[in-house]
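Visitor: Fold the stuff below for me.
(chains A, B, C and D)
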2 protein chains.
Amino acid sequence: MADFSIGELAKRTLTKVETIRYYERIGLLPEPARTEGNYRSYDRAQLGRLSFIRRARDLGFSIDQVRELLDLADQRDRSCEAVDVIARQHLAEVERKIADLTALRVELSDVLGGCQRGTVADCRIIETLAPAPA
Amino acid sequence: MADFSIGELAKRTLTKVETIRYYERIGLLPEPARTEGNYRSYDRAQLGRLSFIRRARDLGFSIDQVRELLDLADQRDRSCEAVDVIARQHLAEVERKIADLTALRVELSDVLGGCQRGTVADCRIIETLAPAPA
DNA sequence: CTTGACCCTGTAGTGACAACAGGGTCCATA
DNA sequence: TATGGACCCTGTTGTCACTACAGGGTCAAG
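Guide: Numbering: from 1, shown residues only, chains lettered A, B, ... in the order given. As a prediction, the model looks like this:
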């Protein structure tokens, strides 16, 4: 049912082949099936899992955080309180990041607007994310 | 005018002292003034700059991307086209990240909702970010 | 049956910090 | 005034998350 090689998987997820093997070594991806010639063989599930990992990493989550998020999906047999605590923490972080990115988007739009009008926009990019959360 | 030490700056930006010195070494932060005893002395501008750097890093931007964003704020004398191209690219990336995080937020909310009702939610966390952008 | 693209298992190098080591500064208190 | 603890200085080394070889095996095409 449409299995594919590590190179194929790498291409589809915009990931380096070495990175996929690295994720396998640290246990983030399960050991895949092997072909007769000892080549790794992946399926759709692995593709989904790796896509998720890569995009979560791109969003600034650490490997350990990605592991937790994957566990939320994998181990649904865990205690409800544990799931709740972890999901709640990640939700708070996600919402904070959305807020920061939204502010940054406004500033980038302003820069573009100023540029299109041929004027020098009063650039407040730094101020956007500047005030320390403390 | 309320200058402060590296330790103070570290506390206010939730950054390690060593990280601040590292940013100075690679030219992301300008060399600060020094006190009589050769201690680094920072002001509000540096505080803002460092806060921006830390939060941009947390949002998954690389050091080089942060450098570009800072340049958008610093070098407003650059050509309009260059600014436009760079700002446009970052805007696209920011919007993509917001979309991903928004999808993730929905899934985390669902996990919490299911948990509160004491049932096991049909967890689609992975599927949320799964389909390869290809 | 060879050649080039791909795969394998190592090990070593890089980017972005984090953690010492060995020493100097500062200042509140004895 | 001196001394102890908190903080600072400049190195150098360690860690995390990849990334890039090195040296060799697999495989479909010609």
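Visitor: Can you spell out which helices and strands pack onto the helix or strand where A:Ala10 lies?
Guide: Per DSSP states H and E, A:Ala10 falls inside helix A:6-13. Applying 3 or more Cβ pairs under 8 Å, 6 or more residues apart in numbering or on different chains; DSSP states H and E, one finds that helix A:6-13 contacts helix A:17-25, helix A:44-58. The C-beta positions use only the backbone N, C-alpha and C, and glycine is treated the same way.
Visitor: Let me know whether that helix sits next to DNA strand C.
Guide: Yes. Using Cβ under 7 Å from any atom of the strand, helix A:6-13 reaches DNA strand C at A:Ile6, A:Gly7, A:Glu8, A:Ala10.
Visitor: got CSV for the residues you listed, with distance to A:Arg55, neighbour count and pLDDT too?
Guide: As requested, the residues of helix A:6-13 next to DNA strand C are exported to CSV (distance: Cβ to Cβ, whole Å; neighbours: other Cβ atoms under 10 Å in any protein chain shown; pLDDT from 0 to 100):
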residue, distance to A:Arg55, neighbour count, pLDDT
A:Ile6, 19, 18, 97
A:Gly7, 20, 12, 96
A:Glu8, 19, 13, 95
A:Ala10, 15, 19, 96
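Visitor: Quick check: residues of chain A near DNA strand D?
Guide: Checking chain A against DNA strand D by Cβ under 7 Å from any atom of the strand, the hits are A:15-16, A:18-19, A:22-23, A:26, A:35-39, A:57, A:62-64.
Visitor: Which pair of those spans the longest distance?
Guide: Greatest spatial distance in those: A:Glu36 and A:Ser62, 37.7 Å, computed using Cβ to Cβ.
Visitor: Give me the pLDDT value at the residue of chain A found nearest DNA strand D.
Guide: Closest contact between chain A and DNA strand D, by Cβ to the nearest atom of the strand, is at A:Gly37 (2.3 Å). Note on A:Gly37: pLDDT of 94.
Visitor: element containing it, please.
Guide: Going by DSSP H and E, A:Gly37 is not in any helix or strand.
Visitor: tell me, how many neighbours does it end up with?
Guide: Using other Cβ atoms under 10 Å in any protein chain shown, A:Gly37 is surrounded by 5 other residues.
Visitor: for A:Thr15, same thing?
Guide: Around A:Thr15 there are 20 residues (other Cβ under 10 Å).
Visitor: any idea whether it is helix, strand or coil?
Guide: coil (DSSP: H, G, I helix; E, B strand; the rest coil).
Visitor: Hmm, it is touching A:Arg54, no?
Guide: Yes. Counting by Cβ atoms under 8 Å, A:Thr15 touches A:Arg54, with 5.8 Å between them.
Visitor: what sits against the residue at minimal distance from the centre of chain A?
Guide: The C-alpha lying nearest the average C-alpha coordinate of chain A belongs to A:Ala56 (Cα atoms, centre = their mean; 1.3 Å). Applying Cβ atoms under 8 Å, 6 or more residues apart in numbering or on different chains, we find A:Ala56 in contact with A:Gln65, A:Val66, A:Leu69, B:Leu104, B:Leu129.
Visitor: contacting residues for A:Gly7?
Guide: Counted by Cβ under 8 Å, 6+ apart, A:Gly7 has contacts A:Val17.
Visitor: is any part of the lengthiest helix in chain A close to chain B?
Guide: Assignment by DSSP state H gives helix A:80-116 as the longest helix of chain A. Yes. Judged by Cβ under 8 Å from any Cβ of the partner chain, helix A:80-116 and chain B are in contact via A:80, A:83-84, A:87-88, A:90-91, A:94-95, A:97-98, A:100-102, A:104-105, A:108-109, A:111-112, A:115-116.
Visitor: Any buried residues in that helix, and which?
Guide: A:83, A:86-87, A:90-91, A:93-94, A:97-98, A:100-101, A:103-105, A:107-108, A:110-112, A:114-115 (16 or more other Cβ atoms under 10 Å in any protein chain shown).
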